[in-house]
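Visitor: sequence? don't have it. structure:
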């Protein structure tokens, strides 16, 4: 198992807990793991980063070998993985949950040095803290700009939850300030619910600029924290650039990523359509209608583990149904959600007709409060299952 | 409304409102000992490990027929839900019945779990 995020750690443990447990090595160089869900609350000053950090102690206690080194090469013909420390591991089946990497340079001017000035904070950790510190250091009356990317990217509602919780911080601590979201899209996840809440909670503070109104950022100038669109230049006091992304680089090294940068998979087994014997789950996979979320990664991980166990026993995996539930906080006591049920259809994972959808736009405020409580409960539940 | 009010109000409406069961079950025709693929997605929201504070009901140890009934009621709309009404609509009758073989409804093998419906 390459990758120890929500996908990888879930799959490793599901393989160990199956009715026919298999030997699993989890390849993950970084510890502790830092969870992205709820990291927007860290940026907004509502939570500390320590609440996002998880060790692999309990994963190892399941009898899973943890290889604390990065995978650097995959030889699908020899069924082996080479690690940065020189170790060579052989496998019967390889599962990869490589997550995302930033496509440095895909947005003109945005390279690793630029991320130190205009943080992406799209991998939780030091970048999360950097963005928070910049917001804390900004004087009241400052301008914050978020650049949101075109699809596909990790966590489709994430930029808008982030905008909400930064707006909440500004409203509370720096009310003369302004937040502008420059978007490369004209539509986004849970849009109606977010915009309804923004009008109620953050009128005059948060402005969303869609693609059709000049929202697409074409280049950035880190020295002056300037974002350039077709329609003009936005000089920010704090600039959060969420850049274009691709599957984690080991996917490309292994040959399981296609020209889009993401990984096509079989919707029943999550086996790569490009390299037999390698399965890809989580944000890196092209999973049809399933979004790139932690819940989806966890659901895919369990499905993939069951398929791998069946394949190793010489059987044929049955068609799965998968789930996603994704909460967003618009304010500390205001939550909204999207849910989905997915099944293989036409070679892809498709929405099951008639199921899923977002929270009711007509729901009373008590429901929004309850969904905020459920959001936090979800985080505790899934992290306890994956890492606890 | 304060969180305390909310919790109180939630308790009072526990049987009718918002929280329910997530059940994943694959085709009923698959009668092997292997749990249906994806059969454990329910534990993304419904706590399976001890000590997790959540208003979402634990499935482990609950009566399987009650889980099936809840899924049917969420699907038909006779039972309102925060999320389960949207999820239950993605499952057929056979799939809901297959919950009886699903890992979600099994007691944990390694740890004894207090039987506790949090609501």
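Guide: Structure received. In this text the structure is predicted, and so the values were computed from the model without any measurement. Residues are numbered from 1 along each chain as shown, chains lettered A, B, ... in the order given.

Visitor: When you work out contacts or count neighbours from here on, use the C-alpha atoms and nothing else.
Guide: Will do.

Visitor: List the buried residues for the helix or strand harbouring residue A:369?
Guide: Assessed by DSSP states H and E, residue A:369 sits inside helix A:365-387. Within helix A:365-387, the residues scored as buried using 16 or more other CA atoms under 10 Å in any protein chain shown are A:366-387.

Visitor: and if you look at stretch A:146-159?
Guide: Using 16+ other CA under 10 Å as the burial criterion, the residues of stretch A:146-159 that qualify are A:146-150, A:152-159.

Visitor: so who does the nearest residue to residue A:149 once chain neighbours are set aside touch?
Guide: Across the structure, with CA to CA, 6 or more residues apart in numbering or on different chains as the measure, the residue nearest residue A:149 apart from its sequence neighbours is residue A:184 (5.4 Å). Listed by CA atoms under 8 Å, 6 or more residues apart in numbering or on different chains, the contact set of residue A:184 reads A:147, A:148, A:149, A:150, A:210, A:211, A:215, A:216, A:217.

Visitor: got TSV for those, with pLDDT too?
Guide: Compiled in TSV, the contacts of residue A:184 are given as follows (pLDDT from 0 to 100):
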residue	pLDDT
A:147	98
A:148	98
A:149	98
A:150	98
A:210	98
A:211	98
A:215	98
A:216	98
A:217	98
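
Visitor: Residue A:210 touches residue A:183, doesn't it?
Guide: Yes - at 5.0 Å, residue A:210 and residue A:183 qualify as touching, with contact defined as CA atoms under 8 Å.

Visitor: Pick out whichever of those two has more residues nearby.
Guide: When residue A:210 is set against residue A:183 and neighbours are counted by other CA atoms under 10 Å in any protein chain shown, the residue ahead is residue A:183, at 25 against 18.

Visitor: where along the chain do the helices fall?
Guide: Here I'm looking at chain A. For chain A, the helices identified by DSSP state H occupy A:6-16, A:39-43, A:57-61, A:126-137, A:158-173, A:191-201, A:249-254, A:294-312, A:365-387, in order along the chain.

Visitor: nope, chain B please
Guide: Taking DSSP H, the helices of chain B run over residues B:3-12, B:64-76, B:84-88, B:93-97.

Visitor: I'd like to know which elements the longest one is packed against.
Guide: Applying 3 or more CA pairs under 8 Å, 6 or more residues apart in numbering or on different chains; DSSP states H and E, one finds that helix B:64-76 contacts helix B:84-88, helix B:93-97.

Visitor: Lowest mean pLDDT across those helices, which one is that?
Guide: Comparing those by mean pLDDT, the weakest confidence falls on helix B:93-97, with a mean of 88.

Visitor: residues of that one that come out buried?
Guide: B:95, B:96, B:97.

Visitor: and the stretch 101-250 of chain A, which residues reach chain B?
Guide: Counting by CA under 8 Å from any CA of the partner chain, none of the residues of the stretch 101-250 of chain A come close to chain B.

Visitor: where does the stretch 101-250 of chain A dip in pLDDT?
Guide: Segments of the stretch 101-250 of chain A classed as low confidence (criterion: pLDDT under 70) are not present in this model.

Visitor: Next: chain B.
Guide: In the predicted model, chain B carries pLDDT under 70 at residues B:1-39, B:100, B:103-119.

Visitor: residue in the stretch 201-350 of chain A nearest to chain B?
Guide: For the stretch 201-350 of chain A, the residue positioned closest to chain B under CA to the nearest CA is residue A:303, at a distance of 4.2 Å.

Visitor: In terms of pLDDT, where does that residue sit?
Guide: The confidence metric pLDDT takes the value 95 at residue A:303.

Visitor: Next up, the contacts around the residue in the stretch 51-200 of chain A that chain B sits nearest to.
Guide: Among the residues of the stretch 51-200 of chain A, residue A:62 lies closest to chain B, at 11.3 Å counting by CA to the nearest CA. Residues in contact with residue A:62 (CA under 8 Å, 6+ apart) are A:13, A:16.

Visitor: Which pLDDT value goes with it?
Guide: Predicted confidence (pLDDT) for residue A:62: 97.

Visitor: same thing with the one 4 residues further on?
Guide: For residue A:66, the pLDDT comes out at 98.

Visitor: That one contacts residue A:26, doesn't it?
Guide: Yes - with the criterion set as CA under 8 Å, residue A:66 and residue A:26 qualify as a contacting pair; they are 4.9 Å apart.

Visitor: So which residue of chain A lies furthest out from the middle?
Guide: Here chain A reaches farthest from its C-alpha mean at residue A:314, the gap being 33.6 Å by CA atoms, centre = their mean.

Visitor: confidence score at that residue?
Guide: Note on residue A:314: pLDDT of 97.

Visitor: ok, so what distance separates it from residue A:307?
Guide: Computed with CA to CA, to the nearest Å, the distance linking residue A:314 and residue A:307 is 11 Å.

Visitor: dump the residue contacts of residue A:192.
Guide: If you count contacts by CA under 8 Å, 6+ apart, residue A:192 has them with residue A:361.

Visitor: Please determine how far residue B:85 is located from chain A.
Guide: Shown here: residue B:85 relative to chain A, a distance of 8 Å by CA to the nearest CA, to the nearest Å.

Visitor: quick one on the thing from earlier: between residue A:66 and residue A:26, who's got more neighbours?
Guide: residue A:26 (25 against 18).

Visitor: Was I right to think the more buried one contacts residue A:7?
Guide: No - if you go by CA under 8 Å, residue A:26 and residue A:7 don't touch, sitting 11.4 Å apart.

Visitor: hang on, the earlier thing: possible to save the buried residues of helix B:93-97 as a markdown table with distance to residue A:101?
Guide: Shown next, in a markdown table, are the buried residues of helix B:93-97 (distance: CA to CA, whole Å):
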| residue | distance to residue A:101 |
| --- | --- |
| B:95 | 37 |
| B:96 | 39 |
| B:97 | 42 |
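
Visitor: Closest one to residue A:359 out of those, please.
Guide: Within those, distances to residue A:359 taken as CA to CA reach their minimum at residue B:96, with 23.2 Å.

Visitor: okay but the closest one is in contact with residue B:71, surely?
Guide: Yes - because the distance of 6.9 Å satisfies CA under 8 Å, residue B:96 is recorded as touching residue B:71.

Visitor: Can you tell me the closest non-neighbouring residue to residue A:98?
Guide: Counting by CA to CA, 6+ apart, the nearest residue to residue A:98 once its immediate chain neighbours are dropped is residue A:248, at 4.8 Å.

Visitor: can you count the residues close to the one you found?
Guide: In terms of burial, residue A:248 registers 23 neighbours under the definition other CA under 10 Å.

Visitor: Export the contacts of residue A:184 as TSV, with columns for distance to residue A:104.
Guide: Putting those into TSV (distance: CA to CA, whole Å) gives the following:
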residue	distance to residue A:104
A:147	15
A:148	15
A:149	13
A:150	15
A:210	23
A:211	22
A:215	20
A:216	17
A:217	15
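
Visitor: Partner strands of the lengthiest strand in chain A, with direction?
Guide: Identified as the longest strand of chain A according to DSSP state E is strand A:334-345. In the sheet, strand A:334-345 lines up against strand A:322-331 (antiparallel), strand A:348-351 (antiparallel), strand A:357-358 (antiparallel) (DSSP bridges).
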